[in-house]
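*Asks:* Sequence and predicted model, in that order:
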Amino acid sequence: MSKFHQIAGYDVVETLGTGAGSTLYAVRNKKGEKYCLKRVVKKSEQDQRFIDQALAEHKIAHQFKHPRLRRSLKVHKIRELIRVSEVAVIMEMVDGWTLEEKRPDDVLLLCRVFHEIAEALLEMHRLGFAHADIKPNNIMLTASESGDGFVVKIIDFGQSCPLGTIKERIQGTPDYIAPEQVKRRAINEQTDVFCLGATMYWLLTGVNVPTMMPKRNRDAVAIKTEEAKKFEPPAKLNPSVSPALSSLVMDCVERRPEDRPAGMPAVISRLDLAVQQIERARSKGASAAPLPSLESGRKPGSTESLAGR
């Protein structure tokens, strides 16, 4: 529980989590409606980037109307003299769990999740933005209203940016970051294709795609491009992955953006073909093999973004 009883006129229900420069709270308004509030306080000049990031995130996420994208509703700015010293961003509340915490235990269900993620990213791209940090911890599942299924919701747009952006510093999550993000080149639709491909690979196999950025806690140098190519296709690690799905994932994580699927429409089309292939195999008696265990030692929320949030 937060020590604050209210923030920006909202009653604090509980603290949901903290990141570099921000804290997330579950809050209620005067009508009793529940929201998620991101609070960013500027304690030093170095914290200005967190203020700027929160405002930029709101500007992008406020435009969303797609049901699979968490919308930012409003932002409250607190000023000292004329400068903003604190912001509180009010967002949709998403009650559920992340794919890093718990995943569907069947490949067909995972394909449905992948499909919905791709459709949501397609909407972002139509609006002119890239997510730039797709990973299991930024994808939530919530119980459907009927209670017999789940709904996919993409969260955390702190690193989202207009398509074509070249960032001033490396931003991304080591296990899911695209090569062009590490090289500080233009971020585009294919950047999200790579991050989605790396996410699919981990969820299907339980291991991560080697990327060009080591984790912070590793005593290692960045993996060279030729070394990063050496990993097995998902179908070799998980017999329930169809050849079409395995091929799609491997194409998504190609080092060069131009070698990946051109965008989410191509990903969606190939996911549909993969589902058909899996369904045909099962209709002929193929069993649904259990998914491999996820990497040991991983804790929910452990895929920390380099930018901090």
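*Replies:* Alright, I've got the coordinates. Residues are numbered from 1 along each chain as shown.
*Asks:* got the contact list for Leu38?
*Replies:* Actually, residue 38 is Lys rather than Leu. By Cβ atoms under 8 Å, 6 or more residues apart in numbering, the residues touching Lys38 are 22-24, 54, 88-89, 91. For glycine as for every other residue, the C-beta is placed from the backbone atoms N, C-alpha and C.
*Asks:* can you rerun that using 7 Å?
*Replies:* Counting by Cβ atoms under 7 Å, 6 or more residues apart in numbering, Lys38 makes contact with 22, 24, 54, 89, 91.
*Asks:* and the nearest residue to it once chain neighbours are set aside, what are its bridge partners?
*Replies:* In this structure, Lys38 finds its nearest non-sequential neighbour in Val89, 4.4 Å apart by Cβ to Cβ, 6 or more residues apart in numbering. Beta-bridge partners recorded for Val89 (DSSP bridges): Lys38, Val75.
*Asks:* If I follow the layout properly, Val89 ends up in contact with His58?
*Replies:* Yes: in this structure Val89 lies within contact range of His58 using Cβ atoms under 7 Å: 5.0 Å.
*Asks:* what touches both of the two?
*Replies:* In contact with both Val89 and His58: 72, 75, using Cβ under 7 Å, 6+ apart.
*Asks:* These two - which one has more neighbours?
*Replies:* Neighbours per residue (other Cβ atoms under 10 Å) separate Val89 from His58, with Val89 holding more: 25 against 20.
*Asks:* For stretch 188-205, C-alpha coordinates in CSV please.
*Replies:* Coordinates of each C-alpha in stretch 188-205 appear next as CSV, following Å, rounded to 0.1, in the frame of the first residue of the first chain:
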residue,chain,number,x,y,z
ASN,A,188,10.0,0.7,-38.1
GLU,A,189,7.4,-2.0,-38.6
GLN,A,190,10.1,-4.6,-38.9
THR,A,191,11.4,-3.7,-35.5
ASP,A,192,8.1,-4.8,-33.9
VAL,A,193,8.2,-7.9,-36.2
PHE,A,194,11.6,-8.8,-34.6
CYS,A,195,10.4,-8.2,-31.0
LEU,A,196,7.2,-10.2,-31.6
GLY,A,197,9.3,-13.0,-33.2
ALA,A,198,11.6,-13.1,-30.2
THR,A,199,8.6,-13.2,-27.9
MET,A,200,7.0,-16.1,-29.9
TYR,A,201,10.3,-18.0,-29.8
TRP,A,202,10.5,-17.8,-26.0
LEU,A,203,6.9,-18.7,-25.5
LEU,A,204,7.2,-21.7,-27.8
THR,A,205,10.6,-23.1,-26.7
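*Asks:* pLDDT below threshold where in the stretch 101-250 of the chain?
*Replies:* 147-148, 214-229 (pLDDT under 70).
*Asks:* all helices in it, in order from the N-terminus.
*Replies:* 107-127, 179-182, 189-205, 225-228, 234-237, 243-252 (DSSP state H, counting those that start in this stretch).
*Asks:* Who are the contact partners of Val40?
*Replies:* With contact taken as Cβ under 7 Å, 6+ apart, Val40 is in contact with 21-22, 50-51, 54, 86-87.
*Asks:* switch to 10 Å and redo it
*Replies:* 19, 21-23, 47, 50-55, 57, 84-89, 309 (Cβ atoms under 10 Å, 6 or more residues apart in numbering).
*Asks:* Kindly report the same for Leu127.
*Replies:* 60, 63-66, 69, 162-163.
*Asks:* same thing with Leu16?
*Replies:* Counting by Cβ under 10 Å, 6+ apart, Leu16 touches 2, 23-27, 36-38, 93.
*Asks:* ok, now with 8 Å
*Replies:* 24-26, 36.
*Asks:* Kindly reformat the residues you listed as TSV containing neighbour count and pLDDT.
*Replies:* Rendered in TSV, the data for the contacts of Leu16 read as follows (neighbours: other Cβ atoms under 10 Å; pLDDT from 0 to 100):
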residue	neighbour count	pLDDT
Leu24	19	95
Tyr25	22	96
Ala26	18	96
Cys36	20	97
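*Asks:* Go through these and name the one nearest Tyr201.
*Replies:* Nearest to Tyr201 among the contacts of Leu16 is Leu24, at 27.9 Å by Cβ to Cβ.
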